[in-house]
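**Student:** the sequence isn't on hand, but the structure is:
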């Protein structure tokens, strides 16, 4: 017993139904909840807001995925789907889809030959494939260009003694202009937001 709940009841709560219900209630919260107690102000449905829904959805999907990995027909469906996605996408994602398709093709061969497949190997292979993109973007040079922007703003500031200069700035630079000028008021340069 733990907090008045038996171990069996705790295990049932950890089952697929719990994670599916957690996902559905979280989704309903995002769709219908307000950000204000006094009036209805809906939550912004930006893509980043749905990141909180991914863990319960992933855990709910893992239950079904774990059962499907023992059936070669479902594994064949995964393999064909990922290989088709790799052919349809002519970009850097096609590498990931192709690797996943090849992995599931190998998984089918192991199932058909009656080999027992460890879930640790499945998890390691899938984690390695899914880690390719994040590792690539972590190692890729950052495109913030702070030093170049600072030099351009200093040149504008130093060369604008004759009058006011007008600068069109993109969103990411416009929001950072006070940082570049050390939060001091600027009179020689007028910045306009170049928004899309």
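**Tutor:** Yep, that arrived. Every value quoted in this text rests on a predicted model; they were computed, and no experiment measured them.
**Student:** which non-adjacent residue is nearest residue 117?
**Tutor:** residue 110 (5.5 Å; CB to CB, 6 or more residues apart in numbering). (C-beta placed from N, C-alpha, C; glycine too.)
**Student:** I'd like the next helix or strand past the strand or helix carrying that neighbour.
**Tutor:** Element membership for residue 110 (DSSP states H and E) is helix 93-112. Per DSSP H and E, the first helix or strand lying C-terminal to helix 93-112 is helix 119-130.
**Student:** show me which residues of that next one are buried.
**Tutor:** Neighbour-count burial for helix 119-130, with 16 or more other CB atoms under 10 Å as criterion, is recorded at 125, 129.
**Student:** pLDDT on it, on average?
**Tutor:** For helix 119-130, mean pLDDT is 81.
**Student:** run through who's touching the helix or strand immediately after that helix in the chain.
**Tutor:** Sequence-wise, the next helix or strand downstream of helix 119-130 (DSSP H and E) is helix 132-139. For helix 132-139, contacts defined as CB atoms under 8 Å, 6 or more residues apart in numbering pick out 92, 93, 95, 96, 99.
**Student:** give me the buried subset of the residues you listed.
**Tutor:** In these, the ones that pass as buried (16+ other CB under 10 Å) are 96, 99.
**Student:** the contacts of helix 132-139 into TSV, with extra columns for pLDDT and distance to residue 186?
**Tutor:** As requested, these are arranged in TSV below (pLDDT from 0 to 100; distance: CB to CB, whole Å):
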residue	pLDDT	distance to residue 186
92	78	40
93	80	43
95	84	46
96	85	46
99	88	51
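**Student:** quick one: residues contacting residue 52.
**Tutor:** Contacts for residue 52 (CB under 8 Å, 6+ apart) come out as 26, 30.
**Student:** next one: it from residue 26, what distance?
**Tutor:** Per CB to CB, to the nearest Å, residue 52 is found 7 Å from residue 26.
**Student:** kindly report the same for residue 178.
**Tutor:** Noted for residue 178: a distance of 37 Å to residue 26, by CB to CB.
**Student:** neighbour count: those two, which is higher?
**Tutor:** residue 26 (18 against 12; other CB atoms under 10 Å).
**Student:** what's near enough to touch the more buried one?
**Tutor:** For residue 26, the contact set (CB under 8 Å, 6+ apart) comprises 52, 53, 56.
**Student:** tell me the SS of the residue positioned nearest the centre of the chain?
**Tutor:** Central residue of the chain (CA atoms, centre = their mean): residue 51, 6.9 Å from the mean position. Secondary structure, DSSP: H, G, I helix; E, B strand; the rest coil: residue 51 is helix.
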